[in-house]
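Colleague: structure here, sequence nowhere to be found:
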Ligand code: HEM
């Protein structure tokens, strides 16, 4: 091994000559291995605050009024090292907040502004985030002043809100509660390209049809937040841009009206920066030298800042008064014809024909000069696409309506990934129920839990029916945007009730019984579903010789169809745990990756996933009505048989097609059981096998039952933010 691989022959005792191998990981040698690391990111070891620190409690002691006052003053306190355009940092702060929130995508709930991930790679160095490093650094004195009481994640969004307010918009509200992460995320898939801004083509089956973009991606090119401002693959054509804008915003759960409001409202203030040569700009923060101290994109030409700034490469403001919230965007868009031109940096942009001198904005650094306003290709789409045009005209005619729609869409953009309203903290958190928050009414807590459990036990439902229904109800939860879960009992409603993976006929029968018990006892259906699962688990533990009571807290509520934005629940369908693939008989190679992905979204560790799968197999709760994967002759007992049989050296494992395996006795060749591909991963992957071995050991059955009950309880309560 080359002992100097980390940096040559310098005298630094810490890094040079280190024997730590930072380059070749297991994943590099065996790229098809399961990357369990995604389950263990944001480990306590990366967190400098320690486990006792609870940001969500700490932020309640923050002096909100003082922070707001400081932020308003900050907006017009221009610093020489990065001067504010027109003496106002509003545009820059809003772009920063939008880029923090705008990475959110509905398909997997990942991305978004709830973690402060913009501080880390790759986002801190994305080509689309050029010079947002300056925006965050400008905010450092405020962050420093309020310290642990104010996370970066909250501050980035709050700064965007304060910027709008200081320019005259009445915002819809703001909620605190975004705890910072302390290391780059490992689980977010941003695309397979190895080159920044590689052409869009590889992301789409058909570039002409934006709906064919690879899921869960939402941005059209690697390193962009959404679409290319110069047009599809940099080729100007507003109608084609419109199609991409529509698809990418839909993937963030925004409809056409919200999309027009956001684009127009975003570009009502601030400007594009491209007054120079984009080719000479230095490395991004992650690649820049130590002397950059975390800042990148050094611009060696002119002053390199202020009027000489190069960010996107486009140059100019969209409106006549770019530091004021007004209707100027639509005024200019509709008053003038626009022609395609080039910015000083050579980027495509649109400029007005024969614009009146007084409609031109003044130069951002020199108020004695007026400059042409500009539009990006996406802005032109707001006028050229017939659907967008109709909405734009409506906004143009009714500025108050525009302001109202924008304020709500901005709130949704910046809060959607925070989960239910009960998680909002602070005096500006709006009280109104909004459908995208997945509202659930408070549930009854004053009923007799033991009486409900007794009725369930006597109902004639099988253990498998009880456990499967509770699991199916809870497993939609994902920690990436805190949606789904057992609360609300949305498994009774479309679309969940019709998902193949929920076996609609069985589900309807089980729900019929459980709904009857709910109405007899006053418990919510959501609670009864979970209690039924708990009864099943307790019975299974008893059959294995253990008396356990699964912890339970009452109070889940029952949502209605009117409270459910059905289309936005579709992405929660559990294809990721491979059940649907299984039912559709295309049980793909790679099902274990899908299971891993789901496990991560549910917030479970590899160890919890192992005990849950082992326990579910022991209880015979397979989906699809099959018996595949039941590794036990004692079905229905919460034993460690899954692990014992999986690790038994007297067994052989033989593929029998469609990713099924027969388990045979090595000596007699008799078939003992059948398993799925996902089951076998727990015996073949070296890490998962090490966990399986723990439970296969003779003395660890009691530990297994205890660990299973803990993991089960975690899943059933993952969405109970009201208990926090
Ligand atoms: C339709 C998709 C969008 C495209 C293609 C787009 C494109 C751009 C580009 C090229 C810039 C110039 C960056 C620079 O050179 O400094 C920019 C700036 C900006 N964008 Fe967007 N944008 C989009 C949507 C939005 C949205 C939804 C918002 C907020 C709601 C927003 C807010 C801003 C702001 C405030 C600036 C000005 C930054 C400054 O003054 O420094 N944009 N945008």
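Modeller: In hand now; what should we look at? This one's a predicted model, so the numbers in the text were calculated from it and none came from an experiment.
Colleague: domain-wise, how is this protein divided?
Modeller: 200-401, 449-572, 576-705 (the TED database).
Colleague: give me the distance from the first one to the chain's centre.
Modeller: Averaging C-alpha positions (Cα atoms, centre = their mean, to the nearest Å) puts domain 200-401 24 Å from its chain's average.
Colleague: so for it, mean pLDDT?
Modeller: For domain 200-401, the mean per-residue pLDDT is 97.
Colleague: quick check, it touching the ligand?
Modeller: Yes. Remark: domain 200-401 sits within contact range of the ligand at 226-227, 229, 245, 262-263, 265-267, 269-273, 311-312, 314, 376, 378, by Cβ under 6 Å from any ligand atom. Placement of C-beta: from N, CA and C, glycine included.
Colleague: burial of the closest residue in space to residue 635 that isn't next to it in sequence, as a residue count?
Modeller: Once flanking residues are discounted, residue 635 sits nearest to residue 620: 4.2 Å by Cβ to Cβ, 6 or more residues apart in numbering. Residues near residue 620, counting by other Cβ atoms under 10 Å, number 20.
Colleague: is the most centrally placed residue in the chain in a helix, a strand, or coil?
Modeller: Central residue check for the chain by Cα atoms, centre = their mean: the C-alpha nearest the mean position is that of residue 110, 1.7 Å away. Classification of residue 110 by DSSP: H, G, I helix; E, B strand; the rest coil places it in coil.
Colleague: does it touch residue 186 like I think?
Modeller: No. Residue 110 is beyond contact range of residue 186, at 11.1 Å (criterion: Cβ atoms under 8 Å).
Colleague: confidence score at residue 579?
Modeller: At residue 579, the predicted lDDT confidence score is 42.
Colleague: returning to that earlier point: got the contact list for the residue nearest to the centre of the chain?
Modeller: Contact partners of residue 110, counting by Cβ atoms under 8 Å, 6 or more residues apart in numbering, are 104, 185, 187, 188, 189, 216, 480, 481.
Colleague: ok, 6 Å please
Modeller: Applying Cβ atoms under 6 Å, 6 or more residues apart in numbering, we find residue 110 in contact with 188, 480.
Colleague: look up how far the ligand lies from it.
Modeller: Between residue 110 and the ligand the computed distance is 19 Å (Cβ to the nearest ligand atom, to the nearest Å).
Colleague: got it, and residue 54?
Modeller: From residue 54 over to the ligand the distance is 31 Å, taken as Cβ to the nearest ligand atom.
Colleague: ok, that residue - how many residues close by?
Modeller: Neighbours around residue 54, by other Cβ under 10 Å: 12.
Colleague: who's in contact with it?
Modeller: Per Cβ under 6 Å, 6+ apart, neighbours of residue 54: none.
Colleague: repeat for residue 491
Modeller: Counting by Cβ under 6 Å, 6+ apart, residue 491 has contacts residue 473.
Colleague: residue 631 now?
Modeller: Counting by Cβ under 6 Å, 6+ apart, residue 631 touches 617, 641, 642, 645, 673.
Colleague: does the second one touch residue 635 like I think?
Modeller: Looking back up the chat, that one is residue 641. No. Judged on Cβ atoms under 6 Å, residue 641 makes no contact with residue 635 at a distance of 9.0 Å.
Colleague: have a look at the two and say which one is more surrounded.
Modeller: Set residue 641 next to residue 635 and count neighbours by other Cβ under 10 Å: residue 641 wins out with 23 against 19.
Colleague: and the nearest residue to the more buried one once chain neighbours are set aside, what pLDDT?
Modeller: In space, and not counting its chain neighbours, residue 641 is closest to residue 632: 3.7 Å by Cβ to Cβ, 6+ apart. Note on residue 632: pLDDT of 81.
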